[in-house]
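A.B. asks: let me see the structure of the following:
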Amino acid sequence: MNRRQILAALLAGAVLSGCNGIAIPPDKAGYVGQWRGLGMDLVITSDGGVNYKRISGGGSSSVSAPLLKFKGDDFVVGIWWFTTTFKVNKPPHQVDGQWRMIVEGVELTRVRGPGKTPGRTKGTTEAGLHHEPSSGVVSLS
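C.D. replies: So this is what the prediction gives:
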């Protein structure tokens, strides 16, 4: 299986299984939020939802799956035996008042982060991001 097939299987499995991710540990709270960089969008919710999309070259890949664990700074998402590890080259840190992190070699800036969001509704995380535990799908609210 190539990476695209694995990622498609992760998405389909997460939707069908209704798996939930682990809650973000306190020492990794800085990961929570919506992150953007050149060709990449990453959302991590406090309840363990991960939504990732990357466009490069002539193609794209995406993952919407529960967070399974952290391995050092890296994080693993997926279900069953379909998992993918995201290499975190540099964990969340502040640069000139903005939160940044480098994932898979791409510098990301947090565009929405933890904290109360005006108009927060039930099922919306503190980052203002919606995670449907029954479907494994993460979306913007």
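
A.B. asks: in the chain, what spans have low per-residue confidence?
C.D. replies: Along the chain, the model assigns pLDDT under 70 to residues 1-19, 115-141.

A.B. asks: ok, 80 please
C.D. replies: Across the chain, the ranges flagged by pLDDT under 80 are 1-20, 114-141.

A.B. asks: and the helices in it?
C.D. replies: Using DSSP state H, the helices found in the chain span residues 3-17.

A.B. asks: for it, what's the longest strand?
C.D. replies: Looking across the chain with DSSP state E, the single longest strand is strand 59-71.

A.B. asks: enumerate the positions of that strand that are buried.
C.D. replies: Within strand 59-71, the residues scored as buried using 16 or more other C-beta atoms under 10 Å are Val63, Ser64, Ala65, Pro66, Leu67, Leu68, Phe70. Glycine gets a C-beta too; all of them are placed from N, C-alpha and C.

A.B. asks: now swap in stretch 71-82 and tell me
C.D. replies: Buried-residue list, stretch 71-82, by 16+ other C-beta under 10 Å: Asp73, Phe75, Val77, Gly78, Ile79, Phe82.

A.B. asks: tell me which of these fall in strands.
C.D. replies: Those of the buried residues of stretch 71-82 lying in strands (DSSP E): Phe75, Val77, Gly78, Ile79, Phe82.

A.B. asks: want to try TSV for those, with distance to Gly97 as columns?
C.D. replies: As requested, these are arranged in TSV below (distance: C-beta to C-beta, whole Å):
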residue	distance to Gly97
Phe75	25
Val77	29
Gly78	34
Ile79	37
Phe82	38
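
A.B. asks: now, which of the residues you listed sits nearest Val88?
C.D. replies: Phe75 (6.9 Å; C-beta to C-beta).

A.B. asks: spit out the contact partners of that closest one.
C.D. replies: Each residue near Phe75 by C-beta atoms under 8 Å, 6 or more residues apart in numbering is listed here: Lys28, Tyr31, Ile44, Val50, Leu67, Lys69, Thr85, Phe86, Val88.

A.B. asks: go through those residues and flag which are in strands.
C.D. replies: Under the assignment DSSP E, the contacts of Phe75 contribute Ile44, Val50, Leu67, Lys69, Thr85, Phe86, Val88 to strands.
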